Each structure stands twice: as C-alpha cells, then as structure tokens.
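# can you look at this prediction? I've put the sequence above it.
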Amino acid sequence: GAKARRKKANRSQNGSNQDLVQGTNDEATLSKYSCLRRGYYEDPYLDAFVSRPASRSALINRGYYTRVMVVRDLMRGFLGLPGYHVAAEQVFYGNVPTGAEGKANGQEVFKALPDVRELQVVSFGCGFDTFAFVLGDELVERGWKGCLRYIEADFGGVVERKRACILHNPPAATYFGEVDAAEDAALHLAAMRTWAGGAGRMEYRLLALDLADLPAVEKGLHGAGFDPALPTLFFAECVLNYIDP
C-alpha cells in the first residue's frame with residue numbers, strides 16, 4: 001500500500017544521499033593527491049588510493065594543505081609529538097613568532113597528556129585518509145613507547161574499497177606486521193604494528209558504520225576494542241554536516 005511505497009521511497013532517497021556523501025571521499029582524496037604532487041607535503045601511502053590523478057587550482061591545493069596540516073598537528077599534539085603548526089600558518093601569514101609567543105600548537109592543547117601511555121584515536125567518516133600509516137611511521141622513528149588504538153569508520157562501500165587498497169597495494173599492504181582481513185558486520189580489518197621490542201604498539205581497526213545509527217556505532221566501537229576509560233581524540237572531518245540533527 002501507500003505506507004510500503006513511502007518506505008521504499010525513503011530507502012531509495014537515503015541510498016542516493018549516501019552515494020553522494022561517499023562521493024565526497026573521492027573528491028577529497030583527489031584534491032589531497034593534487035596537493036601532494038605539487039610538493040606541499042609528503043605521504044608515501046596515498047598513491048595506493050588513487051587510480052586517476054587530477055590537478056586542482058592553487059587555491060584548492062593551499063586549502064587542502066592547510067586542512068591536512070591542521071588536523072595532523074592536532075593528532076601529533078595529542079600524542080605529545082612535534083606538530084607542523086608554524087608551516088601551516090606560514091602559507092597565509094608568513095613568519096610566525098617562536099618561543100613563548102609561538103606555543104599555540106597541538107602540544108599546548110594536549111600538554112597534560114604526554115605521560116599517558118595508552119591512547120585512542122577515533123576517526124568518523126575516515127574515507128581514504130592515510131594519516132594512520134604516516135603517524136605509525138613517525139611513532140616508530142621516534143621510538144614512541146605506549147599503545148595507540150587507531151579506529152577508523154565510514155560507510156560500508158568506502159570501507160570495502162579502502163580495505164582492498166590496503167591489502168593489495170604496496171607499501172600499505174606490508175605496513176602492518178599482523179593483519180586480519182576477516183569481515184563481519186562492522187569490523188572489516190584489524191591490524192597491529194609493534195616496535196622497540198614491543199614497548200611501542202599501534203592497533204588499527206577499520207569499521208563499516210552508518211554514523212546516523214547510534215546503537216550500531218556503539219556496538220561497532222565496542223567490538224573494535226574501544227575503551228571509554230582511556231583518553232580519546234574523536235575526529236570527524238567534514239562529516240557531521242551530512243547527518244540530520
């Protein structure tokens with residue numbers, strides 16, 4: 001009847017909206033890659049997620065460079081690592097004061113956390129973001145000691161494609177020492193990387209979730225080993241504006 005038709009129409013509309021939202025991941029990835037090819041920053045992993053490069057304008061390149069650096073700076077600050085705040089500011093404002101006047105970076109925001117040895121990052125709407133891999137390399141290089149649980153979540157279609165890119169494209173395919181590609185309702189990939197004789201550890205989880213379904217989000221995070229008692233940086237870049245309040 002009419003009720004069944006309305007339900008079918010709503011499902012069709014929701015599916016179309018999800019397709020549009022998922023498409024923003026492809027646009028963002030291509031824009032980041034354009035920025036990368038122009039030499040704004042380095043990322044050895046993004047190649048695995050781009051099949052057909054595209055060139056963007058200088059304005060888009062600068063905008064994405066700033067977007068990437070600000071987010072990465074905050075994450076580095078959360079872990080007590082040096083960030084790139086000054087470099088991001090210099091794109092638009094030239095020289096930035098150093099010393100006492102130049103401490104408005106991620107390390108100051110999270111200055112109470114460096115002694116914590118077990119931390120979590122949860123990235124909602126992760127798309128093809130590769131910072132988990134870049135960050136892991138930095139932690140190994142610096143001999144960071146502790147455990148970082150890095151959880152990424154996005155729509156199932158995006159997650160399936162991201163998992164395929166990770167598993168079938170070097171260097172992402174060989175990034176983790178242990179990878180479990182088993183697939184269930186939410187958890188599509190679980191991996192772990194260790195260094196410094198096991199004193200440093202990074203656990204990576206890739207989840208397929210619809211963020212509008214809060215019970216499913218809670219269940220998925222629990223299944224990925226999320227611990228609500230640990231200091232956690234929740235991150236949703238250009239995501240919440242697509243979700244009805």
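Sure, I can see it.

# so where is the chain shaky, pLDDT-wise?
1-16, 82-116, 177-178, 181-184 (pLDDT under 70).

# one more time with 80
The model of the chain has pLDDT under 80 over residues 1-21, 82-116, 169-185, 244-245.

# can you give me the strands in it?
118-124, 146-154, 178-180, 187-195, 200-208, 232-236 (DSSP state E).

# how far does the second one sit from the chain's center?
Per CA atoms, centre = their mean, to the nearest Å, the displacement of strand 146-154 from the mean C-alpha position of its chain is 9 Å.

# the strands of the chain: which one's closest to residue 53?
With CB to CB as the criterion, residue 53 lies closest to strand 146-154 of those, at 22.1 Å. For the C-beta atoms, the positions are set from N, CA and C on the backbone; glycine is no exception.

# for the protein, just list every one of the helices.
2-37, 58-78, 85-93, 106-109, 131-142, 156-168, 214-223 (DSSP state H).

# out of the ones you listed, nearest to residue 150?
Per CB to CB, nearest to residue 150 of the helices of the chain: helix 131-142, 4.9 Å.

# output the closest one as CSV, nothing but the C-alphas.
Extracted in CSV, the C-alpha atoms of helix 131-142 (Å, rounded to 0.1, in the frame of the first residue of the first chain):
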residue,chain,number,x,y,z
PHE,A,131,47.4,9.5,8.4
ALA,A,132,47.2,6.4,10.5
PHE,A,133,50.0,5.0,8.3
VAL,A,134,52.1,8.2,8.3
LEU,A,135,51.6,8.5,12.1
GLY,A,136,52.7,4.9,12.7
ASP,A,137,56.0,5.6,10.8
GLU,A,138,56.6,8.7,12.9
LEU,A,139,56.0,6.8,16.2
VAL,A,140,58.5,4.1,15.1
GLU,A,141,61.1,6.6,14.1
ARG,A,142,60.8,8.5,17.4
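
# which positions within that helix qualify as buried?
131, 132, 133, 134, 135, 136, 138, 139 (16 or more other CB atoms under 10 Å).

# just those now: which is nearest residue 167?
Nearest to residue 167 among these, with distances taken as CB to CB, is residue 133, at 13.3 Å.

# chain neighbours aside, what residue packs nearest to that closest one?
Using CB to CB, 6 or more residues apart in numbering and skipping the chain neighbours, the partner closest in space to residue 133 is residue 45 (4.5 Å).
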